[in-house]
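S.K.: One predicted model, sequence on top.
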Amino acid sequence: MAKIYFQGTFGAYSHLAALSVDPDAEILPCKTFDECFNKASSEPECTIIIPESNRITGNIGIEYLIFKHRLNIYKEHFQKIEHNLLGKPGAKLENIKEVYSHAQGLSQCSKFIKENNFIEHIRADTAGSAEMISKTKDVKQAAIASSLSAQIYGLEIVKKNIENESGNLTRFLVMGKNISQPEFEGKKYITSFLFKLKSKPAALYQSLGGFAINGVNLTKLQSYPEKNTFDSFFFLCDLDGHIEDPKVQKSLEELGLHCEDFHVLGVFEADKLRDKKK
């Protein structure tokens with residue numbers, strides 16, 4: 001049986017994403033993102049599912065682990081995020097005064113929280129907040145979490161879909177130690193890679209010219225400072241296309257001339273939701 005590790009507690013959005021990717025897998029929680037990456041590095045047959053960015057609140061902040069472990073990316077998965085106000089059985093909206101959730105959960109439901117004058121409490125994760133509420137006797141306290149969390153921890157959904165914007169998506173990456181990539185066929189692919197430029201003026205500008213000349217679209221370009229420095233940067237990059245496409249190969253060869261370090265993280269099919277997001 002396949003094994004997938006996720007960060008958080010059962011009922012977390014990462015748990016939901018893992019179920020969507022492979023409902024038959026053995027799905028196991030880790031306390032931290034570091035623990036997830038360490039599991040994948042030491043257990044080559046397992047995979048991890050990690051939130052990389054949210055459509056509304058941006059990057060999750062796991063880039064340093066991507067740079068450190070350099071795991072292979074097998075798949076991207078866009079998970080719809082639907083936040084719910086969860087309370088003790090019988091809880092009424094008018095009685096709730098305090099709300100607990102992950103910082104991003106609170107941020108993504110800020111309008112609803114403000115309208116109801118809730119006192120906010122930041123917790124490590126959404127599902128952990130639901131678990132905590134299930135153990136309290138105080139009906140004035142509630143959690144913002146998934147409907148799966150309500151099922152797991154015996155809570156009632158006091159109010160559904162309380163997020164500021166419908167269509168809220170989080171992009172997850174399925175990663176592992178073993179290298180694997182799909183055959184180059186007539187599908188939409190993403191090639192993900194990281195690079196560090198040689199130290200010279202206008203290096204980034206010069207290095208990206210090959211993509212423009214060859215008509216290759218970059219969908220992500222993010223800089224990240226190398227450990228203990230602010231004058232040396234890695235770049236994390238996604239492009240539209242398969243690494244075996246001649247246009248992509250030429251672009252990456254051009255980029256390589258300007259690089260001190262270059263590493264392909266993965267080639268994978270683009271999630272079908274990408275078309276719907278445009």
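M.R.: Great, that's in hand.
S.K.: would you say Lys111 is within a helix?
M.R.: Yes: Lys111 sits within a helix when classified using DSSP: H, G, I helix; E, B strand; the rest coil.
S.K.: ok, how many other residues are close to it?
M.R.: 12 (other CB atoms under 10 Å). For glycine as for every other residue, the C-beta is placed from the backbone atoms N, C-alpha and C.
S.K.: what's the answer for Asn72, then?
M.R.: 20.
S.K.: List the beta-bridge partners for it.
M.R.: Gly176 (DSSP bridges).
S.K.: Any figure for the gap between it and Asn164?
M.R.: 35 Å (CB to CB, to the nearest Å).
S.K.: Kindly report the same for Ile62.
M.R.: 23 Å.
S.K.: Of those two, which one has the most company?
M.R.: Taking neighbours as other CB under 10 Å, Ile62 and Asn164 compare with Ile62 leading, 18 against 14.
S.K.: got the contact list for that one?
M.R.: By CB atoms under 8 Å, 6 or more residues apart in numbering, the residues touching Ile62 are Phe33, Ile50, Pro51, Glu52.
S.K.: Rebuild those residues as a markdown table, extending it with neighbour count.
M.R.: Output for the contacts of Ile62, formatted as a markdown table (neighbours: other CB atoms under 10 Å):
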| residue | neighbour count |
| --- | --- |
| Phe33 | 20 |
| Ile50 | 25 |
| Pro51 | 25 |
| Glu52 | 21 |
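S.K.: I'd like the residues you listed laid out as CSV, including secondary structure.
M.R.: Below are the contacts of Ile62 laid out as CSV (three-state DSSP):
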residue, secondary structure
Phe33, helix
Ile50, strand
Pro51, strand
Glu52, strand
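S.K.: Nearest to His102 among those?
M.R.: Using CB to CB, Pro51 comes nearest to His102 of the contacts of Ile62, at 10.6 Å.
S.K.: residue contacts, the closest one?
M.R.: Gln7, Tyr13, Ser14, Ala17, Ile60, Ile62, Thr170, Arg171, Phe172.
S.K.: Could you rerun that using 10 Å?
M.R.: 6-8, 12-14, 17, 33, 59-62, 77, 79, 81, 104, 170-173 (CB atoms under 10 Å, 6 or more residues apart in numbering).
S.K.: who's Ile119 bridged to?
M.R.: Going by DSSP bridges, Ile119 forms beta bridges with Glu98.
S.K.: quick one: Ser207 from Leu221, how far?
M.R.: Ser207 is 11 Å from Leu221, by CB to CB.
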